[in-house]
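In: pasting a predicted model and its sequence here:
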Amino acid sequence: MDLITSRLDQGLVQVSPSSVHGVFWLQTHFPSQEWDALLSGQAAFGMDCIDDLITDARQAGLNVEWEASVPS
């Protein structure tokens, strides 16, 4: 696994890197002032953008722990 996601309250999803590939991918997608939060697993994303983020990571070859939700 390269990135691990965890659902939080209020429709947020926490993203944590779990490999050097996950760290590198995050560093190439976010500005350096965000890296501390991203690399320590303190970053959270809204449901409105998490699917795009996960899709992009998977297209880059990362293994991502994520279950997509389907609105009912």
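Out: Yep, it's here.

In: report pLDDT for the most centrally placed residue in the chain.
Out: Central residue of the chain (Cα atoms, centre = their mean): residue 15, 3.8 Å from the mean position. As predicted, residue 15 sits at a pLDDT of 93.

In: ok, what's across the strand from it?
Out: Per DSSP bridges, the residues bridged to residue 15 are residue 5.

In: and it, how close does it get to residue 45?
Out: Using Cβ to Cβ, to the nearest Å, residue 15 is found at 6 Å from residue 45. Placement of C-beta: from N, CA and C, glycine included.

In: with residue 5 instead?
Out: Taken as Cβ to Cβ, the span from residue 5 to residue 45 is 9 Å.

In: what's the answer for residue 54, then?
Out: In terms of Cβ to Cβ, residue 54 sits 9 Å off from residue 45.

In: any shared contact partners between residue 5 and residue 45?
Out: Common contact partners of residue 5 and residue 45 (Cβ atoms under 8 Å, 6 or more residues apart in numbering): 13, 15.

In: what packs against the lengthiest helix in the chain?
Out: Using DSSP state H, we find that the single longest helix of the chain is helix 47-59. Helix 47-59 sits against strand 3-7, strand 12-17, strand 64-65, with contacts defined as 3 or more Cβ pairs under 8 Å, 6 or more residues apart in numbering; DSSP states H and E.

In: one more pass at 10 Å, please.
Out: strand 3-7, strand 12-17, helix 20-29, strand 44-46, strand 64-65 (3 or more Cβ pairs under 10 Å, 6 or more residues apart in numbering; DSSP states H and E).

In: residues near residue 27, how many?
Out: Residues near residue 27, counting by other Cβ atoms under 10 Å, number 15.

In: test my guess that it contacts residue 36.
Out: No - the pair residue 27 / residue 36 is not scored as a contact, 11.3 Å apart, by Cβ atoms under 10 Å.
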